[in-house]
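Student: Turn this into a model:
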Amino acid sequence: MFGRRRGMETAGSSSPHTSATLTLPPQAGLLSCRVLDTVHQPVRQAAFEVTDPIGRRIVSGETDPYGGFTAAVPEGEYRLSVTAEGYAPFHGATLVGDPAQPGTGEIVLDAVEPPLLPQPGHWELDPSHSSIAFTARHIGFARIGGRFNTFAGGVRIAERMEDSSMHVIIDAASIDTGVRLRDDHLRSGDFLDAARYPTVEFYSDRFIHRSGSRWAVAGALTLHGVSRSVTLDTQYLGLGTGLEGEPRAACRATAELHREDFSLTWQSVLAHGIAAIGSGVEVALDVQIVHKA
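Tutor: As a prediction, the model looks like this:
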């Protein structure tokens with residue numbers, strides 16, 4: 001049975017809103033639910049996942065604008081997980097095909113307080129506890145990953161968090177994919193041209209609060225001599241204390257770049273017109289910053 005919920009539509013039961021439009025296959029049941037907050041407002045775009053007893057995913061997705069989701073699944077036992085930004089996650093079990101289960105149910109998510117923000121002042125990026133990584137597609141399906149080994153930066157936390165700013169400088173020649181020949185090619189004039197453009201820089205003075213611990217950090221990325229607007233989708237992870245008692249804060253941030261936006265247009269086309277390297281590059285930052293008195 002689920003924990004904090006009111007009913008769950010399962011196999012053998014039907015609602016007047018679905019029976020006229022859905023024809024279930026034999027031995028299938030309807031798993032249907034609404035996700036609400038504590039004042040009974042729908043939680044839209046909450047992520048849900050239905051798994052079998054050994055953890056295999058059966059179906060997943062997001063709730064609709066009314067906080068609902070419906071899935072036809074084979075009769076059996078399932079686990080349901082629901083997560084949403086700013087709310088405590090929900091985990092529960094149900095038995096699809098049990099006529100004793102009530103009709104369409106409701107799951108109520110409890111709000112959680114966002115983590116405390118860093119105190120105003122100057123904070124420095126700690127390279128030994130941070131990483132700047134990327135992935136790109138190779139020959140249409142494989143994913144090649146890499147990182148930059150040398151970088152530095154700082155964050156100025158303002159009295160009002162939205163007025164804060166950050167500046168990160170990356171050594172372009174420190175690119176590392178684990179293959180020396182490939183790294184030398186990426187440093188060459190075909191790609192980063194590190195001899196001519198030795199640094200990659202990101203500067204932002206726009207911190208935009210989205211919800212809970214989610215922020216958008218909007219700024220300018222200068223790469224290969226070209227500057228473009230880039231927004232980091234950022235999850236603030238909270239405050240901590242280092243081994244020497246120094247205040248620390250941490251976050252994770254992601255962005256998707258397109259090589260052509262920065263004049264990185266080198267390409268090799270393989271048989272059947274398949275591009276050797278994809279256009280999109282996914283960037284992921286795991287960052288710790290240390291407060292400087």
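Student: can you pull out the helices in the stretch 51-200 of the chain?
Tutor: 180-187 (DSSP state H, counting those that start in this stretch).
Student: Where does the prediction get shaky in it?
Tutor: The model of the stretch 51-200 of the chain has pLDDT under 70 over residues 98-104, 138-141.
Student: Apply 80 and report the result again.
Tutor: Applying pLDDT under 80 to the stretch 51-200 of the chain flags the ranges 97-105, 137-142.
Student: in it, which spans are strands?
Tutor: All strands of the stretch 51-200 of the chain, identified by DSSP state E, counting those that start in this stretch, fall at 57-62, 68-74, 76-83, 90-96, 105-108, 121-125, 131-138, 142-148, 151-157, 165-171, 175-176, 199-211.
Student: Please name the nearest non-neighbouring residue to Leu192.
Tutor: Ala172 (4.7 Å; CB to CB, 6 or more residues apart in numbering). In short, each C-beta sits where N, CA and C put it, glycine included.
Student: so that neighbour touches Arg196, yeah?
Tutor: No - if you go by CB atoms under 8 Å, Ala172 and Arg196 don't touch, sitting 9.5 Å apart.
Student: Which of the two has more residues huddled nearby?
Tutor: The neighbour comparison of Ala172 against Arg196 (other CB atoms under 10 Å) goes to Ala172, with 21 against 10.
Student: which element is Ala255 on?
Tutor: strand 247-258 (DSSP states H and E).
Student: Report the rounded mean pLDDT for that strand.
Tutor: On average, the pLDDT along strand 247-258 is 96.
Student: got the angle for it vs strand 121-125?
Tutor: Computed by axes from the mean of the first three to the mean of the last three CA atoms, to 10 degrees, the angle separating strand 247-258 from strand 121-125 equals 60 degrees.
Student: Just want the angle from strand 247-258 to strand 199-211.
Tutor: Using the same axes, to 10 degrees: strand 247-258 against strand 199-211 is 110 degrees.
Student: What lies in contact with strand 247-258?
Tutor: 118-119, 123, 126, 215, 217, 221, 223, 230-242, 279-291 (CB atoms under 8 Å, 6 or more residues apart in numbering).
Student: Of those residues, just the buried ones, PyMOL syntax please.
Tutor: To isolate the buried ones among the contacts of strand 247-258 in PyMOL, judged by 16 or more other CB atoms under 10 Å, type:
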select buried, resi 118+123+126+215+217+221+223+230+232+234+236+281+283+284+285+287+288+289+290+291
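Student: In strands, which of the contacts of strand 247-258 fall?
Tutor: Residues of these located in strands (DSSP state E): 123, 215, 217, 221, 223, 230-241, 279-291.
Student: Of all residues in this structure, which one is nearest the centre?
Tutor: In the chain, the residue lying closest to the centroid (CA atoms, centre = their mean) is Thr254, at 6.9 Å.
Student: any idea how far His209 is from that residue?
Tutor: 17 Å (CB to CB, to the nearest Å).
Student: next one: Leu80
Tutor: Leu80 sits 30 Å away from His209, going by CB to CB.
Student: Kindly report the same for Val226.
Tutor: Val226 is 29 Å from His209, by CB to CB.
Student: Same question for Asp37.
Tutor: 19 Å.
Student: do the same with Val217
Tutor: Counting by CB to CB, the gap from Val217 to His209 is 11 Å.
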